[in-house]
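1. Would you be able to build a 3D model of this:
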Amino acid sequence: PDGRFLYFSSDRGGDMSLWRLSLDLASGQPLGQPVMVTTSPGAVQTHPSVSSDGRLVAHTLYQQGSSIWSLTFQNNTGIHEGDAVDGSEYSNNLFFQPFMPFELGASTSTMLTLRPVFPLVTQPVFEAEDPNRSVGHTTGFGDLQILGLAGPNRGEGLIWGAGATLKLPTAGNDRLGQGKYQAGPAAMLFYLGKPWVGGVLIQHWSSFAGDDERADTSRTDVQYIIRRSIPGAMSIGMGPTISIDWEADSDNRLTLPVGLGITKTTRIKNMPVKLRAEVHYSIIAPDDYGSTWNLRLQITPVIKSPFG
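-> Numbers count the residues shown, from 1 in each chain. Model (predicted):
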């Protein structure tokens, strides 16, 4: 209010934080370098407003945890190879997966997190006359997934959750889904710090009902995440998913990818948005038919929870 300081939001420190710049009262020119006045790893802080006496600064805080919802659109384009096909084939999966946390209890010490996954799937079509090469591709809605986890309500440090995961046979045709109701346990363990973030999300599904003519399923997915923040509200790292098909023979059971990618947090009309590009390569893949390369492109608008 007295013109001595200029408050603004910037990602120059790695996260979107509030900064203060001293000004010369006579000329209005900067005095020295900006100073960070707030810090919260992984959060986005915007819209500073100074009180009339200059003692308080109000701002909008988008913090990891129950105060924000992440609306992720994730596209995975995969290259598949193996002894059962000539050359290589491609597939594409576009997921919409909102991440929706809810605080529970009078003390809000417990958090329930729900993450449905709505898939649009493109898969190659193989005919019995020539099973080694596709005759085209088919696209449609795949099997719906629902993940539910409960754990301590924390926005940083060591966080964990446990719960259940479910798959529903909602695919538009047999080539796009497994035709089975599947369920099983799920758990996560993450460290949210600065500059490192890391952890695992484990899900297992076993079929218990569905089309009797379709094969039974038993599968475990382990997504492991390692990321390091760098200046410019960016991070580098990877988040691929290890898959184990327990119904397959030993030569076709495991898919083990590694990867590298970059994430950038920006704003679109004052809405925080995460942009990510990541490449995965499977150092172990099924012999008959499996993923070798995967390109992941992701955009995640971050909104304030309607229940926050």
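2. in the chain, which residue is closest to the centre?
-> Compute the mean C-alpha point of the chain, and by Cα atoms, centre = their mean the closest residue is residue 72, 6.7 Å away.
3. Could you check how far that one is from residue 303?
-> 12 Å (Cβ to Cβ, to the nearest Å). The C-beta positions use only the backbone N, C-alpha and C, and glycine is treated the same way.
4. So which bits of the helix or strand hosting residue 221 are buried?
-> Following DSSP states H and E, one finds residue 221 within strand 218-230. Neighbour-count burial for strand 218-230, counted by 16 or more other Cβ atoms under 10 Å, picks out 219, 220, 221, 224, 225, 227, 229.
5. okay, the residues you listed in JSON lines with distance to residue 235 and pLDDT next?
-> Shown next, in JSON lines, are the buried residues of strand 218-230 (distance: Cβ to Cβ, whole Å; pLDDT from 0 to 100):
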{"residue": "219", "distance to residue 235": "29", "pLDDT": "98"}
{"residue": "220", "distance to residue 235": "27", "pLDDT": "98"}
{"residue": "221", "distance to residue 235": "23", "pLDDT": "98"}
{"residue": "224", "distance to residue 235": "15", "pLDDT": "98"}
{"residue": "225", "distance to residue 235": "10", "pLDDT": "97"}
{"residue": "227", "distance to residue 235": "5", "pLDDT": "96"}
{"residue": "229", "distance to residue 235": "5", "pLDDT": "92"}
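6. Export the residues you listed as a markdown table, with columns for distance to residue 165.
-> Formatted as a markdown table, the buried residues of strand 218-230 follow (distance: Cβ to Cβ, whole Å):
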| residue | distance to residue 165 |
| --- | --- |
| 219 | 11 |
| 220 | 10 |
| 221 | 9 |
| 224 | 17 |
| 225 | 17 |
| 227 | 23 |
| 229 | 29 |
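7. What's the end-to-end length of stretch 184-203?
-> 7 Å (Cα to Cα, to the nearest Å).
8. you'd agree the residue nearest to the centre of the chain is up against residue 95?
-> Yes. Using Cβ atoms under 8 Å, residue 72 makes contact with residue 95 at a distance of 7.4 Å.
9. burial measure for residue 127, as a count.
-> The local packing of residue 127 (other Cβ atoms under 10 Å) involves 10 other residues.
10. What pLDDT does the model give it?
-> Reported pLDDT at residue 127 in the predicted model: 81.
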